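> what follows is a predicted protein model with its sequence.
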Amino acid sequence: MPSPTHPIAIHKFGGAALAGASAIAHVGALLAQPSDERRVVVTSALQGVTDALLRADQCATQGDSRGAEAVVQEITQLHATVADALVTGKERAVVALALGALARTLKNNLAAVAPQQA
């Protein structure tokens, strides 16, 4: 049960708040401010990514593997650009590996929803 002396604050960020590296850095600065509240932070996709995922799914389910692949590349590049601006040093290599793994997972999931070739 929450302590009355330390209330919980829920912060939800998405869309414009996650539009790019500078917006994400601003969110980080806000959350870095000292607070007596216990914080719960919820984030959604970077701006435009939800729509891109829907486009990728539409391409895949319609058998347009090239279109789906192009959208995966778009999403991956967006995340790589943001990561390049925010993450440095050894952590950057870890993020790059994670982005690659996530891109492969997305490609596999899109292939799974594609119509099967006879």
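That came through, no problem.
> any idea how far residue 90 is from the residue nearest the centre of the chain?
Centroid-nearest residue in the chain: residue 45, 4.4 Å away (criterion: CA atoms, centre = their mean). The gap separating residue 45 from residue 90 is 26 Å, by CB to CB, to the nearest Å. No exception for glycine: its C-beta is placed from N, CA and C like everyone else's.
> how about residue 24, what does it touch?
Taking CB atoms under 8 Å, 6 or more residues apart in numbering, we find residue 24 in contact with 17, 18, 82, 86.
> return the one helix or strand it maps to as PDB; C-alpha atoms alone will do.
Element membership of residue 24 [criterion: DSSP states H and E] is helix 21-32. The C-alpha trace of helix 21-32 is given here as PDB (Å, rounded to 0.1, in the frame of the first residue of the first chain):
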ATOM      1  CA  ALA A  21      16.600  12.500 -29.400                       C
ATOM      2  CA  SER A  22      16.000  16.000 -28.100                       C
ATOM      3  CA  ALA A  23      12.500  15.300 -27.000                       C
ATOM      4  CA  ILE A  24      13.600  12.100 -25.300                       C
ATOM      5  CA  ALA A  25      16.500  13.900 -23.600                       C
ATOM      6  CA  HIS A  26      13.900  16.400 -22.300                       C
ATOM      7  CA  VAL A  27      11.900  13.600 -20.800                       C
ATOM      8  CA  GLY A  28      15.000  12.300 -19.200                       C
ATOM      9  CA  ALA A  29      15.800  15.700 -17.700                       C
ATOM     10  CA  LEU A  30      12.300  15.900 -16.300                       C
ATOM     11  CA  LEU A  31      12.500  12.500 -14.700                       C
ATOM     12  CA  ALA A  32      16.000  13.200 -13.300                       C
END
